[in-house]
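# need coordinates for the following:
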Amino acid sequence: MSTPLRVLIVEDNDDDLLLLLRTLRQGGYEPAHRHVQTAAALTAALAEEPWDIVLSDYRLPQFNGSDALRLVQASDRDLPFIIVSGVIGEEQAVSVMKAGANDYVLKDKLFRLCPAIARELRDTEVRRQRRKAEEQLRASEAQFRLLFEANPNPMWVFDEETFHFLAVNDAALRHYGYARAEFLALTVTDIRPPEDRAHVPAVIASQRGLVDTRVGEFRHQKKDGSLMDVEITVSSIPFNGRPGRLVLANDVTARKRDEAVRARYELIAQYARDPLLLVDLDGCIIEANQAAVNLYGYTREELLKLRVYALRQDDDQPGLIDSCAIFGPTPCPLKRLIIDWHDVTHVTIGICGRQIVVRQIGCITEMSGEMT
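Below you'll find the model as predicted:
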């Protein structure tokens, strides 16, 4: 089956034109051609239609092959250009090749024409694919840069061999407290607490080759020395010619503290014989133990739909609020309130580093806390 070929032919001799077309068909091509003889006609043809290749005689009445080559180059198209001439001197051939012609074929050796065309078409396709890949890479890099800089979570890229930071986003600067120049002067070990640093190389080596993988939670140290728990997601990427590691750090310090508070509450509530309620700042009941369910006659689901005021007489509401101890992470602290209609003894419990004293005040058992 013949291969379609859109060929623009610059030739002033009709017999030579027919010879070229016959040679192309014999070589397995089905040429869709346009024949031009002047610079103006060549310029118009280049502008009006897409072409696969240009074949040009070297000597024409009004211009020559070098002029035709310049017009093709000025069209800003990556078109193979082959000189097909009856007579061309060695000096002229060298000159036109240096100027950018892809090849030249003498008209008495047209057996070379189709192999030359096949080679140039392959090379042209390779160049097109390379340009396409480069354009996609540039677009991908631009998209990466946009997502990297705009991400609200700390992100950075570090060198997998030297551990030095190669890039860092604004969120990381804000979160860790460094200026950009300061951050880029550090290594990944510098943002770990001293007692954890010895393990960093082994951890990094174990993550090599991973792509968009959550690798666990680690302790990080800010510029001011404070510690935080971060959940790390990594991807190995090339970066500016270096083996890089893209890191996204999600600060989970507050979440872990909240989980610890709830775990401690649930442990206490599970074994407490007295009714226990966990109440937020708006008075909404957000947790209740089985003793509270048994005492008040509601199901747990019904209790979680109530405000704590519903369990008291209206005239007791101010005293209820006054007796609530507030503790927990800011800006959404929690209130622990034990509502107990029975006598209890004083006990002290530890929750997230605080000593919580439970004592009975009238019919209300208040929980107050101080930092230890």
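
# give me the domain ranges for this protein.
3-129, 151-251, 255-371 (automatic domain parsing).

# which stretch in these has the least confidence?
The minimum mean pLDDT among those belongs to domain 255-371 (a mean of 56).

# of all the domains of the chain, which one comes closest to residue 142?
domain 151-251 (14.3 Å; CB to CB). (Each C-beta comes from the backbone N, C-alpha and C, glycine too.)

# can you put the domains of the chain in CSV and add distance to residue 141 and mean neighbour count?
Output for the domains of the chain, formatted as CSV (distance: least, CB to CB, whole Å; neighbours: other CB atoms under 10 Å):
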stretch, distance to residue 141, mean neighbour count
domain 3-129, 18, 16
domain 151-251, 10, 15
domain 255-371, 33, 15
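
# a markdown table for these, including distance to residue 139?
Output for the domains of the chain, formatted as a markdown table (distance: least, CB to CB, whole Å):
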| stretch | distance to residue 139 |
| --- | --- |
| domain 3-129 | 16 |
| domain 151-251 | 16 |
| domain 255-371 | 36 |
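
# quick one: closest of those domains to residue 137.
Nearest of the domains of the chain (CB to CB): domain 151-251, 10.7 Å.

# what about that closest one, distance to the chain center?
Relative to the chain's own centre, domain 151-251 is displaced by 15 Å; criterion: CA atoms, centre = their mean, to the nearest Å.

# and that domain, end to end?
14 Å (CA to CA, to the nearest Å).

# about what we covered before: do you know which of the domains of the chain lies nearest residue 145?
Nearest to residue 145 among the domains of the chain is domain 151-251 (9.0 Å), distances taken as CB to CB.

# just the helices from the stretch 201-350 of the chain, written as ranges.
Counting by DSSP state H, counting those that start in this stretch, the stretch 201-350 of the chain has helices at residues 253-271, 290-296, 300-303, 317-322.

# was I right about residue 127 contacting residue 78?
Yes. Counting by CB atoms under 8 Å, residue 78 is a contact partner of residue 127 at 6.0 Å.

# excluding sequence neighbours, find me the nearest residue to residue 32.
Closest residue to residue 32 apart from its sequence neighbours, by CB to CB, 6 or more residues apart in numbering: residue 6 at 5.1 Å.

# give me the next element, helix or strand, following the longest helix anywhere in the chain.
Longest helix in the chain, counting residues (DSSP state H): helix 113-150. Moving toward the C-terminus from helix 113-150, the first helix or strand encountered (DSSP states H and E) is strand 155-159.

# show me what the very next helix or strand once past that following strand is packed up against.
Note on strand 155-159: by DSSP H and E, the next helix or strand toward the C-terminus is strand 165-168. The helices and strands touching strand 165-168, judged by 3 or more CB pairs under 8 Å, 6 or more residues apart in numbering; DSSP states H and E, are strand 155-159, helix 180-184.

# what is the longest strand along the chain packed up against?
Longest strand of the chain, by residue count under DSSP state E: strand 227-239. In terms of contacts (3+ CB pairs under 8 Å, 6+ apart), strand 227-239 is packed against strand 155-159, strand 213-221, strand 242-251, helix 253-271.

# note down every partner strand of that strand and its orientation.
Applying DSSP bridges to the sheet, strand 227-239 is found paired with strand 213-221 (antiparallel), strand 242-251 (antiparallel).
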